[in-house]
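>>> Dropping the sequence and predicted coords here.
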Amino acid sequence: MIHIFNLIIPISYGTWLPDKTSVLILLGIVTFSAICTDLARTRVQWLKSLFVRYFDSMLRSHELSGKFTGATWVLIGAWFTILIFPKPIAIMALVFMSVGDTTAGIIGMQFGNIKIGSKTLEGSLSGLMICILTGWLFPIVPITVGIVGSVSAMVVELLPLTIDDNVSIPITSGTIMILASNFLI
């Protein structure tokens with residue numbers, strides 16, 4: 001559910017806050033606050049207690065040990081994605097991260113049998129299908145560009161990279177969609 005909630009960023013950018021500068025300022029403030037909170041939650045006892053009480057069951061082991069939360073990485077990835085890419089590419093890359101990663105995780109945990117590192121092939125393929133479907137239903141980039149972006153997003157989701165996939169998915173898929181836009185259109 002948390003990953004699906006991340007759709008608020010590309011939806012806001014596409015509708016309520018259409019100006020790139022406004023989005024970057026607002027998202028920058030929220031991102032800075034999340035980074036400060038993540039840094040403080042392991043150092044300030046009352047904040048640590050608050051996190052343990054309300055968020056302990058949602059946090060992964062590396063987040064509990066003091067690493068940034070997935071939410072912070074989403075904000076960091078979104079800020080850079082919006083900064084770097086044209087609006088339609090940024091929106092699609094962020095949507096792919098949200099719906100693709102969520103679908104891959106849910107399907108992979110429930111039905112995944114073919115393991116690739118800590119991920120499953122079934123999860124990644126289901127993430128790919130939902131990304132392609134999303135690109136087809138909301139064609140803000142040409143469908144061929146969306147398909148290439150979907151494939152690159154889910155390949156990155158599957159790979160055991162050291163950088164958080166909430167950053168690597170939108171940055172990689174955005175880059176690939178830019179390149180594809182130059183060659184496929």
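Noted; the coordinates are in hand. Residues are numbered from 1 along each chain as shown.
>>> Not counting sequence-adjacent ones, nearest residue to residue 122?
Nearest residue to residue 122 in three dimensions, chain neighbours excluded: residue 112, at 4.5 Å (CB to CB, 6 or more residues apart in numbering). Every residue, glycine included, has its C-beta placed from N, CA and C.
>>> Give me the neighbour count for that neighbour.
Residue 112 has 20 neighbours, counted by other CB atoms under 10 Å.
>>> Next: the one 5 residues further on.
By other CB under 10 Å, the residues close to residue 117 number 9.
>>> if we can go back for a sec, would you mind confirming that the residue nearest to residue 122 makes contact with residue 118?
No - the criterion here is CB atoms under 8 Å, and residue 112 misses it with residue 118 at 10.4 Å.
>>> And for residue 50, the neighbour number?
Neighbours of residue 50 (other CB under 10 Å): 12.
>>> Also residue 137?
Counted with other CB under 10 Å, residues neighbouring residue 137 total 7.
>>> Same check on residue 133?
13.
>>> Could you do residue 38 as well?
A count of nearby residues for residue 38, using other CB under 10 Å, gives 18.
>>> where does the chain have low pLDDT?
Low-confidence segments of the chain, defined by pLDDT under 70: 1-3, 55-66, 185.
>>> switch the cut-off to 90
1-6, 16-19, 37-71, 73, 112, 116-118, 159-164, 182-185 (pLDDT under 90).
>>> before we move on, back to that, ok, so what distance separates the residue nearest to residue 122 from residue 119?
Counting by CB to CB, to the nearest Å, the separation of residue 112 from residue 119 is 8 Å.
>>> try residue 106
Taking CB to CB, one finds residue 106 at 12 Å from residue 119.
>>> Of the two, which one has the most company?
Ranked by neighbour count (other CB under 10 Å), residue 106 and residue 119 place residue 119 first, with 21 against 15.
>>> Just the strands from this protein, written as ranges.
Secondary structure of the chain (DSSP state E): strands at 115-116, 119-120.
>>> dump the residue contacts of residue 115.
If a contact means CB atoms under 8 Å, 6 or more residues apart in numbering, then residue 115 has residue 121 as its contacts.
>>> so what's residue 174 closest to, chain neighbours aside?
Nearest to residue 174 is residue 93, by CB to CB, 6+ apart, at 3.8 Å.
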